[in-house]
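Novice: How does the following fold in three dimensions:
(chains A and B)
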Amino acid sequence: MSELLLEARHVTRRFPAPGGKELVACNDINLKFYKGKTLGLVGESGCGKSTFMRFLVWLDTPSEGKIIYRGKDITRLKGRELHDMRQHIQMVFQDPATSFNPKMKIRDIVCEPLLNYGRIKRSEKNAKARELLAMVELPGEFADRFPHNMSGGQRQRVAIARALALEPEIIVMDEATSALDVSVQETVIELITKLQREKNITIGFICHNLGFIQSFSHQIAVMYLGNIVEVMPGDKLAEVCCHPYSKALLNAVFDTKMDFSKKIEPIKGEPPSPLDLPTGCPFQDRCDRCMALCREKRPTLTEIEPDHEVACHLFAKEGDA
Amino acid sequence: MALLEIKNIDVSYGRRATVQGCSIELEQGQICSVVGESGSGKTTVIRAVLGLLPGGGRVSAGDIVYDGRSLLTLSKREWRALRGHDISMIFQDSGAMMNQTRLIGKSFVEYIRTHESVSKQDAWKKGAEMLGRMRLPDPDRIMRSYPFQLSGGMRQRVGIAMGMTYQPKLLLADEPTSALDVTTQAQIVRQMMELRDEYGTSIIVVTHDIGVAAYMANVVVVMKDGHIEDKGSREYILNESTNAYTRKLIGAVPSLGGKRYV
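Specialist: Prediction:
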C-alpha cells in the first residue's frame, strides 16, 4: 500500500444515556487511511460508522484515543491551528438538498470555502466557480442557479465541487450516493474515482451496501455495534471475507447476476440495543457459529493475512485466543 | 383470466398526461416488479390502481380491471370495502403512514373494525395474532407501542402484517425496502415471497433496486418518463432484451465480481 496518511488509534466515543448508563458508539477503533486510496466503512444503521467519520471533520470529538494526521493528534486542535487544518479534510453529505443553504447561488456555495481561507478575491469568484463546475462536469451556467433548480445528481456534483475547492487531502463521504438513482449513482462514482486518480485524494466512504462499496474501495472495514469486526482489501472481498457478519452482509446483497432459485438466508433478528451489550462478542446472538468462548470473551482484531484483519474467535491463531 | 389488468391507462394531473399508455397484466400468485428512475411514474401507476392518486390526479384514459370489474367506476362505499380487504398497500415507511400519537394496537383495531363487526377486544386479539404470524417477536408489546418506538424493519413488518390481515388477493408495495438496511431488506423480501407461496397473493412491487426487483419478480416492467419502456419475464429483461435503456439500467447495478472503478 502507499504512504500512510491518517491513523485512528484506539478511538472510543461514549454518550451519556438516561439511567446513568453509557452508550458506546465507537469502541476502540483502529483504522488507517492511505494516500490516494479509498477506505469503505460498512455497517447497519446505528453501528457508529457516521460517528467515527465525523471525528475526522471535527463535528464531534472522541472520548478517548487519537487521530494522527501529519504527525499531530487532530482531535485536540484549537483556534488558528484547527482553522488551518480544516482545509485539508472536507466532507460530502448524504442529502445534497439539505446540506446547502437554499438561499445561496451555486457560485457562492462552491466559492465560500475559498473566500473563507482567502485563497481567491471576490472578483475572481465567477471564473473560479466555472472552473470548479467544469471539474465535476457541469455546465458553467449552473453558477447562477439555486440548489432547488437542480436534480439530485447535479446537486451531489456541486457538493463534490465544494469539498474539492480547497484541494483537500482527505474527503469524507457519508452515504454520498444513497439518495441517488442507480444510473446517476454510477456516473457520480465514475466522477469521484476519476478525480481521485487525478488529484490523489484519500476518501473515507460510508455505505451500507457491501456490493456497491466493493466496486471502488481499496480497503473495506466492516463495523458492528461500534466495533470494527473485519478489515479487508476491497478487490478480493468476495474471496477473503470470513467474519460471519461480513458474510451475512454479503449474502444480503441483491444482484442481477445472482442465482435466483437460491433462497435468501437473511440473518435473524436485529442488532441488540447498544445500551446493554452482552459480554463477549457483540454479534453472538445473531451468529450461527457461536461458541461458548464467544459469550465470555470479546474477540480482538487480529491480522490473519497481510491487509486482512478479523475480530472473531473462529479465526484466532493458537495462543492468542 | 388475469387478476388485475391495467389496460392502456393515462394518468393526468390537470391537462397533461404524466403517465401514458401503461398496460400491466397480473395473474394470481404472480409477482410483478416495476423499476425505473425517480420521476418515471412507477408510484403513480400503483397509486392509480388503489384509487389513491393525490389531489387533481385522475385516470384520463384506459381502464383498470380487477377480478372482472372496473375499478374506475367504484363508489366510495365500494372502495372502502375493497381497500385493505381485497387489495392492500405497503408504503415505503409504514410507520410514518400511521398516526404517531396513537398506539399501533389502536390503529390496528380501528382498521379491523372497519372491515368486520367485532368487539374491540377480539379485534385486538386478531391484530396480535397477525403480528405473531408475521413472526414479530412479542406481539403484545408491539400492539402497546407507538410507531416511533419501533425500528424501521419492525415498522415495515407491522405494515405488512396489517396489510395481510384479510389475506388480500393483491398486494401493492411501494418501495417497501428502500429505507431499510441491507440485512433487514433481505428479511422483508423473503417475507413477501413467503406470502406469495403461502397465500397465493399477487404482488406488484415498485422499487428502484433492480437486484431486489429481479429476485422477486416473475415479470419486470421498466418505466421511463411516464411510459413503459420495456416489459417481460425476468430472464428476458436481464439477459435478452436489446432495449438500450434497460441495458443501461442493468449495467449501472453494482455487482460482486462485476465492474470495478479503481
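Novice: Please identify the buried residues of stretch A:227-244?
Specialist: Buried positions in stretch A:227-244, judged by neighbour count with 16 or more other CB atoms under 10 Å in any protein chain shown: A:227-235, A:237, A:240-241, A:243-244. Quick note: C-beta positions are derived from backbone N, CA and C, even for glycine.
Novice: Report the entries of the residues you listed that also contact chain B.
Specialist: Contacts with chain B are made by A:234-235, A:237 out of the buried residues of stretch A:227-244, judged by CB under 8 Å from any CB of the partner chain.
Novice: Just the ones of those residues in helices?
Specialist: When these are checked against helices (DSSP state H), the matches are A:Leu237.
Novice: Which of the three states applies to A:Pro62?
Specialist: The local conformation at A:Pro62, judged by DSSP: H, G, I helix; E, B strand; the rest coil, is coil.
Novice: got a list of what it touches?
Specialist: By CB atoms under 8 Å, 6 or more residues apart in numbering or on different chains, A:Pro62 lies in contact with A:11-13, A:26, A:55, A:75.
Novice: and the residue of the stretch 151-262 of chain B found nearest chain A, how many neighbours does it have?
Specialist: Chain A sits closest to B:Gly211 of the stretch 151-262 of chain B, with a gap of 3.0 Å, by CB to the nearest CB. Residues lying near B:Gly211 (other CB atoms under 10 Å in any protein chain shown) number 23.
Novice: Can you classify it as helix, strand or coil?
Specialist: Secondary structure of B:Gly211, per three-state DSSP, is helix.
Novice: show me the contacts for the closest residue to it other than its chain neighbours.
Specialist: Spatial nearest neighbour of B:Gly211, excluding adjacent residues (CB to CB, 6 or more residues apart in numbering or on different chains): A:Phe254 at 3.0 Å. Going by CB under 8 Å, 6+ apart, A:Phe254 touches B:185-186, B:189, B:209, B:211-212, B:214-215.
Novice: circling back to that earlier point, so which of the buried residues of stretch A:227-244 are in helices?
Specialist: Those of the buried residues of stretch A:227-244 lying in helices (DSSP H): A:237, A:240, A:244.
Novice: returning to what we had before: select from the contacts of A:Pro62 the one having the most neighbours.
Specialist: Neighbour counts for those peak at A:Cys26, which has 25 neighbours (criterion: other CB under 10 Å).
Novice: So what are the sheet partners of the helix or strand harbouring that one and their directions?
Specialist: Following DSSP states H and E, one finds A:Cys26 within strand A:21-34. Under the criterion DSSP bridges, strand A:21-34 sits next to strand A:4-17 (antiparallel) in its sheet.
Novice: Give the buried residues for the partner strand.
Specialist: So strand A:4-17, judged by 16+ other CB under 10 Å, has buried residues A:5-6, A:8, A:11, A:13.
Novice: What is the nearest of the residues you listed to chain B?
Specialist: A:Leu5 (16.5 Å).
Novice: hang on, the earlier thing: show me what contacts the residue of the stretch 151-262 of chain B closest to chain A?
Specialist: A:211, A:253-256, A:258, B:253, B:255.
Novice: Give me the residues contacting stretch A:150-161.
Specialist: Applying CB under 8 Å, 6+ apart, the external contacts of stretch A:150-161 come out as A:92-93, A:96-97, A:99-100, A:106, A:109-110, A:132-133, A:135-138, A:142, A:147, A:176-177, A:179-181, A:184, A:187-188, A:191-192, A:195, B:38.
Novice: just to revisit the earlier point, what about the residue nearest to B:Gly211, distance to A:His243?
Specialist: For A:Phe254, the distance to A:His243 (CB to CB, to the nearest Å) stands at 21 Å.
Novice: Just the pLDDT for the residue most central in space within chain B.
Specialist: Computing the C-alpha centroid of chain B and ranking residues by CA atoms, centre = their mean puts B:Ala173 first, at 1.2 Å. We note a pLDDT of 93 for B:Ala173 in this prediction.
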